[in-house]
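Trainee: Build the 3D model from these lines:
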Amino acid sequence: MTVFGVHTGLQNISMPELRALWRRIEDLGFGWISIWDHFYAATFKADDAYCQEAIAAHAALAADTSRVRCGSLVYCAGYRHPAVLANAMCTIDQISGGRCDFGIGAGWAKVEYDAYGIDFPGVKDRMDILEESIQCVRSLLTEDVSNFAGKYFSLTDARCEPKPVQSRLPIWVGGAGEQRTLKIAAKYADAWNVPFVSPETFAAKRGVLHRHCESIGRDPAEVRCAVNVGIAWTEDSLQAQFGALAEGVRPGVLTGTEQQVIDRIGEYVSAGADQVNLALRAPIRVEEIERFSAALGLV
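Mentor: Just a heads-up that it's a prediction; the model follows:
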């Protein structure tokens, strides 16, 4: 059964607005709400930095809801130490009563690194950091005592307590890179997510993921596959949400009539999407989410 969720970007929106939005999304019958991890807004201009912090927002999401899965798409391995993340996810899972999902990626928004004096290594090193981070987090979430010796991180008789409520807190990997990202997802992740791609591109990326799974002897069905799509019933809405990024995301934006949106979702499901998330950016038009919920009969 396909899960429908909403991915709430944290830019240019106040916490009271976000908290009311999360509660409304849950009331509308969605099964998932997630936050992103950025220090700057998604234009990634040096003077565009109005963005809520991710871990604090993730915890607030867990506290403000009672039913939905509470996810992150995705925390940045480049400026979040895995031990800090593991401890935070345990606490968020406690807050939510076992509804926390943890997503992580390699990071790419160089403007944030530069502004805060954080080293921004090349792609290979960022991917290596991601791979080590996942191993550290998984161990800390599941093992009584963790030991790890890597190039970037080490754990020595490390403990992370209390453990999550869930026996296996799901780890998501986000990204579309076929050589490393999807290989890492195949090896370590419970779920994989990619944003703003067409159904055809989603199917192709999912195929690569499955081939990586098969190459290591893993059942591809063990990895949940999700896509983030925009929702813009009109061109004005698309431009208001995404501005200069509109053309880049257009292949992955739902638009048109209710039937056209339903048909497009059907294409993603046929392409193998286990989950479809509406990816929102301020200004949030709640009526667009309400219209989607009504069209899909979520409540």
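Trainee: So for Phe196, what's the nearest residue that isn't a sequence neighbour?
Mentor: Among residues not flanking Phe196 along the chain, Gly252 sits closest, at 3.4 Å (C-beta to C-beta, 6 or more residues apart in numbering). For glycine as for every other residue, the C-beta is placed from the backbone atoms N, C-alpha and C.
Trainee: Run a quick check on the one you found versus Val229, I expect a contact.
Mentor: Yes - assessed by C-beta atoms under 8 Å, Gly252 is found in contact with Val229 at 5.0 Å.
Trainee: And these two? Which one has more around it.
Mentor: Higher neighbour count among Gly252 and Val229: Val229, with 27 against 21, using other C-beta atoms under 10 Å.
Trainee: Now do the strands in this structure.
Mentor: Remark: strands assigned in the chain by DSSP state E are 3-8, 32-35, 69-72, 75-76, 102-105, 146-149, 154-158, 171-174, 191-195, 224-231, 253-254, 275-280.
Trainee: For the residue lying farthest from the centre of the chain, list the residues it contacts.
Mentor: Distance from the centre of the chain peaks at Asp157, with 30.1 Å (C-alpha atoms, centre = their mean). If you count contacts by C-beta atoms under 8 Å, 6 or more residues apart in numbering, Asp157 has them with 145-147.
Trainee: what's the answer for Leu254, then?
Mentor: Counting by C-beta under 8 Å, 6+ apart, Leu254 touches 229-232, 261, 264-265, 278, 292.
Trainee: now the residue nearest to the spatial centre of the chain: how far from Thr8?
Mentor: For the chain, the residue sitting closest to the mean C-alpha position, by C-alpha atoms, centre = their mean, is Leu73 at 1.6 Å. As judged by C-beta to C-beta, to the nearest Å, Leu73 and Thr8 stand 10 Å apart.
Trainee: shared neighbours, the two?
Mentor: Residues touching both Leu73 and Thr8 (C-beta under 8 Å, 6+ apart): 34-36.
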